[in-house]
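In: below is the sequence, then the predicted model.
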Amino acid sequence: MKATKILLALGVMLTTHHVTAEDKYEYTETPKAEQIADLQDDDNDGVINARDLCPGTPATSEIDNDGCGEYIKSSEKMEVRVLFANDSDEIVPVFRRQIRELSEFLKGYPSTSIELQGYASKIGGAEHNLDLSKRRANNVRAALLGYGIESDRVRIVGFGDTHLAEQGTDEVSHALNRRVTASVIGYKGEITKEWTIFTALPKS
C-alpha cells in the first residue's frame with residue numbers, strides 16, 4: 001500500500017512539472033494566404049486566366065491545355081468561287097449567300113483581311129477581259145462592304161484571261177473561268193467545330 005502511494009505521488013509530481021510556464025509555447029496565428037493567380041475564366045473555355053495563353057477563344061472550339069483553339073488545315077474549305085455570265089460583271093443571286101457567309105467570317109475574325117481575284121474566259125480580247133475581271137472582283141468587294149466589312153480589309157486584283165481554271169473551249173469550261181475567288185490573309189486555319197463553310201461549289 002505504501003509503495004502504491006509513493007508511485008501516485010511521483011506521478012502527480014511529473015505531471016505538474018510538464019505544465020510549468022517555461023514549457024508553454026506562444027501561440028502564433030496562421031497567416032492568411034494571399035491569392036496571386038487569377039482563378040477566373042473570362043472566356044469560359046475551362047482554363048483559368050492565369051494559365052490561359054489565348055483569351056477570347058470561341059466558346060465552341062476545342063482547346064489545348066493553354067486555352068488555345070485546336071486548329072486544323074482548311075484550305076479546301078477556304079475557297080470561295082463566284083461565277084458570272086458571259087461578258088458580265090453582275091453577281092448572280094445564287095452566289096449572294098456565299099458572299100454573305102464570307103462577310104460573317106470576316107466579322108468573326110477581325111484580324112483577317114481578304115484578297116479578291118477576278119478572272120475572265122478566253123472569249124474576247126485580252127485588254128477587255130482584264131478590265132472585266134477587275135470589275136467582277138470590285139463588285140464582289142462592293143457586296144462585302146454592303147454587309148459592313150471595312151474597305152481597308154478587302155483588296156482586289158484582276159487577272160483577265162491569263163489564269164484559267166479550265167483549259168477547255170466548251171461552254172462549261174468558259175463558265176468556270178468567268179469567276180472571282182478569294183484568299184483570306186492572316187488566317188492560320190479553321191478552329192475545330194467553329195465553322196464549316198466556304199467549300200467550293202462542285203464543278204458538275
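Out: Here it is on my side, so go on.
In: touching the longest helix seen in the chain from outside, list them.
Out: Of all the segments of type helix in the chain, defined by DSSP state H, the longest one is helix 126-146. By C-beta atoms under 8 Å, 6 or more residues apart in numbering, the surrounding residues in contact with helix 126-146 are 82, 84, 87, 89-91, 96, 99, 102-103, 106, 114, 116-122, 124, 151, 154-162, 178-180, 182. C-betas here are computed from N, CA, C, even on glycine.
In: what is the rounded mean pLDDT of that helix?
Out: Here the mean pLDDT over helix 126-146 is 96, rounded to a whole number.
In: helices or strands next to the helix or strand following that helix in the packing?
Out: For helix 126-146, the succeeding helix or strand toward the C-terminus, using DSSP states H and E, is strand 154-158. The criterion is 3 or more C-beta pairs under 8 Å, 6 or more residues apart in numbering; DSSP states H and E, and the helices and strands that strand 154-158 contacts are strand 113-118, helix 126-146.
In: could I get the ones you listed as a markdown table with mean neighbour count and distance to residue 171?
Out: Written out in a markdown table, the entries for these read as follows (neighbours: other C-beta atoms under 10 Å; distance: least, C-beta to C-beta, whole Å):
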| stretch | mean neighbour count | distance to residue 171 |
| --- | --- | --- |
| strand 113-118 | 22 | 20 |
| helix 126-146 | 19 | 17 |
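In: so which of these is nearest residue 186?
Out: strand 113-118 (6.2 Å; C-beta to C-beta).
In: in its sheet, what does that closest one sit against?
Out: strand 154-158 (parallel), strand 179-185 (antiparallel) (DSSP bridges).
In: and the angle from it to helix 126-146?
Out: Strand 113-118 and helix 126-146 are oriented at 140 degrees to each other (axes from the mean of the first three to the mean of the last three C-alpha atoms, to 10 degrees).
In: ok so, going back, please pick the buried ones from the contacts of helix 126-146.
Out: In terms of neighbour count (16 or more other C-beta atoms under 10 Å), the buried residues within the contacts of helix 126-146 are 82, 84, 89, 91, 99, 102-103, 106, 114, 116-122, 154, 156, 158-161, 178-180, 182.
In: low pLDDT regions in this protein?
Out: The model of the chain has pLDDT under 70 over residues 1-39, 41, 43-47, 50-53, 55-79, 187-204.
In: how's it carved up into domains?
Out: The chain breaks down into these structural domains: 1-69, 73-191 (assignment by automatic domain parsing).
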